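**Student:** What follows is a predicted structure for the sequence shown.
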Amino acid sequence: MLIEIERGRRHTLQQIRDLAARYGNRIEITEGTGVFDTIHVIGDTRGFGEREDYVRSLPGVRAFFRAASGYANIARTIRGKSGQAQRRERRIVEVPGLDGKVRRIGAGKHIFLVGPDSPQTLEQTLAIAKMARAIGERLGVLDRMILRGGAFKPRTRPNDWRGLGMKGIAMLDAAREESGIPYATEIMDLNRVDEIGAHADMLQIGTRNAQNFDLLEAVGRFGKPVILKRGFGNEIEEWFYSAEYVANQGNLNIVLCERGMKTLFTKGGYCRNQPDLNAITHARKQTILPIIFDPSHVAGDYRIVAENLMASVAHFVDGTITETLHEEAFRAEQLCDAAQALTMESYEAIVQAVLNYEEKVQPLMRRAIGDPDA
Ligand code: PEP
Ligand code: MN
């Protein structure tokens, strides 16, 4: 829900703030370019919405908009009472690092999430973090790097290795300490959000939990940035509704992640999950949230990760999340997703390709198609 208000109307602003608090909502203010600012009312806004006429009557209030869709908090387009449409700005999700640099997802520059499928040994985890730091420094993109690694692994087969749990989290903590780079890790249990969330910089909801609504609400309440993978059988709207579950709890720091789907056509082993690249464009037009792509779980094979990653870059994705090895020899040791891991050397070449693309090709793409965010 959005309210446009004349700048400097402090009393009205306080009245709106109080009303929002009464209904358990939070507000954020975006400064406009002219004399109006925008108040964003976040959370379950049904009660607040019933007071629309009152809000409109307050001095300085120019307009009141709500989303027509069932995902009011994240919708890109919202409508006023007389039906006029208003486009909202896309959102930037910020993830600060111990190195003092803030990673800004959705700010127009590709964000590189990289790391092992899961921390398995301290040596492996630290080595990847150091290499990520070295790549970031060499290529001038340290402020665009985030580490990844799942300590709690959802596995299809119950007897497969399921990650090191809190020991794995301790390794990721050490990797952050060593490199200064923040990390994202998967969370599966709604009763452990506080425990794991106290360590991690970003919480990942995996494809299997994309519709675990209690878990979505729990990470929403917790408030740290969330990576929300698309359920492998979910329609795109279902994915947006999942994001709205998080947003309804007052947390708009959500990054959508397309990671491919199971389809009739993924049999035969040539790809693990079928990527839906058009979902990137659609999500950008329908929601305010940044969107990243996971080429590793799409590919299932390290030999076709780079092409998938670059394809998502052509779709103006805000970042990618990629699984890597610290050395080729470790592939034989890796207990989950060994076949799809890239070496960090290959990964560096891909980062370079993305940077070249951003510099050389993207301006031409913008000329061809116009502003992809319009
Ligand atoms: C992962 O990122 O390692 C993972 C399990 O991803 P997904 O939930 O997309 O399968
Ligand atoms: Mn994995």
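**Tutor:** Perfect, I can see it now. Ligands and ions are numbered 1, 2, ... in the order given.
**Student:** Give me the residues contacting the lengthiest helix in the chain.
**Tutor:** Looking across the chain with DSSP state H, the single longest helix is helix 122-139. Helix 122-139 has contacts (Cβ atoms under 8 Å, 6 or more residues apart in numbering) with 112, 114-116, 119, 141-145, 147, 149, 171-172, 174-176, 178-181, 324-327, 330, 344, 347-348, 351-352, 355. From N, CA and C alone the C-beta is placed, and that goes for glycine too.
**Student:** List buried residues within these.
**Tutor:** Among those, the ones that count as buried by 16 or more other Cβ atoms under 10 Å are 112, 114-116, 119, 141-145, 147, 149, 171-172, 175-176, 179-181, 324-326, 330, 344, 347-348, 351, 355.
**Student:** hang on, the earlier thing: give the members of the contacts of helix 122-139 that are also in contact with ligand 2.
**Tutor:** Of the residues in the contacts of helix 122-139, proximity to ligand 2 by Cβ under 5 Å from the ion holds for none.
**Student:** In helices only, show me the residues you listed.
**Tutor:** 171-172, 174-176, 178-179, 344, 347-348, 351-352, 355.
**Student:** what's the closest of those residues to ligand 1?
**Tutor:** Proximity to ligand 1 was ranked across the ones in helices among the contacts of helix 122-139 by Cβ to the nearest ligand atom; first place goes to L172, at 13.1 Å.
**Student:** does that closest one really touch I181, like I thought?
**Tutor:** No: assessed by Cβ atoms under 8 Å, L172 is found out of contact with I181, at 10.4 Å.
**Student:** Overlap in contacts, these two.
**Tutor:** Common neighbours of L172 and I181 (Cβ under 8 Å, 6+ apart) are L147.
**Student:** hang on, the earlier thing: for the ones in helices among the contacts of helix 122-139, could you give me a markdown table that also reports pLDDT?
**Tutor:** Below are the ones in helices among the contacts of helix 122-139 laid out as a markdown table (pLDDT from 0 to 100):
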| residue | pLDDT |
| --- | --- |
| M171 | 98 |
| L172 | 98 |
| A174 | 98 |
| A175 | 98 |
| R176 | 98 |
| E178 | 97 |
| S179 | 98 |
| M344 | 98 |
| Y347 | 98 |
| E348 | 98 |
| V351 | 99 |
| Q352 | 98 |
| L355 | 98 |
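**Student:** ok and the residue in the chain nearest ligand 1?
**Tutor:** Going by Cβ to the nearest ligand atom, ligand 1 is nearest to G206 of the chain, at 2.9 Å.
**Student:** Could you report the pLDDT at that residue?
**Tutor:** If you check G206, the pLDDT there is 98.
**Student:** Same question for the one 3 residues further on.
**Tutor:** Per-residue confidence (pLDDT) for N209: 98.
**Student:** one step back: give me the angle between the longest helix of the chain and helix 344-356.
**Tutor:** 30 degrees (axes from the mean of the first three to the mean of the last three Cα atoms, to 10 degrees).
**Student:** what comes up buried for helix 122-139?
**Tutor:** Neighbour count says helix 122-139 has 124-133, 135-136, 139 buried, by 16+ other Cβ under 10 Å.
**Student:** same question, stretch 4-13
**Tutor:** E4, I5, E6, R9, T12, L13.
**Student:** Now do the contacts for the first one.
**Tutor:** To tie it back to what came earlier, the one meant is E4. G32, F36, D37, T38, I39, V61, R62, A63, F64, F65.
**Student:** how about the residues of the stretch 1-150 of the chain near ligand 1?
**Tutor:** D117, G150 (Cβ under 6 Å from any ligand atom).
**Student:** Sorry, slip of the keys, the one I care about is the stretch 251-374 of the chain.
**Tutor:** Checking the stretch 251-374 of the chain against ligand 1 by Cβ under 6 Å from any ligand atom, the hits are R259, D294, H297.
**Student:** And the first one, how far from R192?
**Tutor:** Here the distance between R259 and R192 works out to 22 Å (Cβ to Cβ, to the nearest Å).
**Student:** Run through the bridge partners of the residue positioned nearest the centre of the chain.
**Tutor:** Per Cα atoms, centre = their mean, the C-alpha nearest to the average position across the chain is that of V255, at 1.7 Å. Using DSSP bridges, the bridge partners assigned to V255 are I227.
**Student:** Repeat that for R79.
**Tutor:** R66, A85.
**Student:** is it true that it touches F65?
**Tutor:** Yes: R79 lies in contact with F65 (Cβ under 8 Å); the separation is 6.1 Å.
**Student:** Please enumerate the shared neighbours of those two.
**Tutor:** Q86.
**Student:** Which one's more surrounded, those two?
**Tutor:** F65 (20 against 15; other Cβ atoms under 10 Å).
**Student:** ok, now which ones touch the more buried one?
**Tutor:** M1, L2, I3, E4, I78, R79, G80, Q86.
**Student:** Let's see that with 10 Å instead.
**Tutor:** 1-4, 38, 72, 75, 77-81, 84-86, 88 (Cβ atoms under 10 Å, 6 or more residues apart in numbering).
**Student:** do the same with G149
**Tutor:** 114-120, 124-125, 128-129, 163-164, 168-169, 171-172, 175, 183-186, 200, 204, 323.
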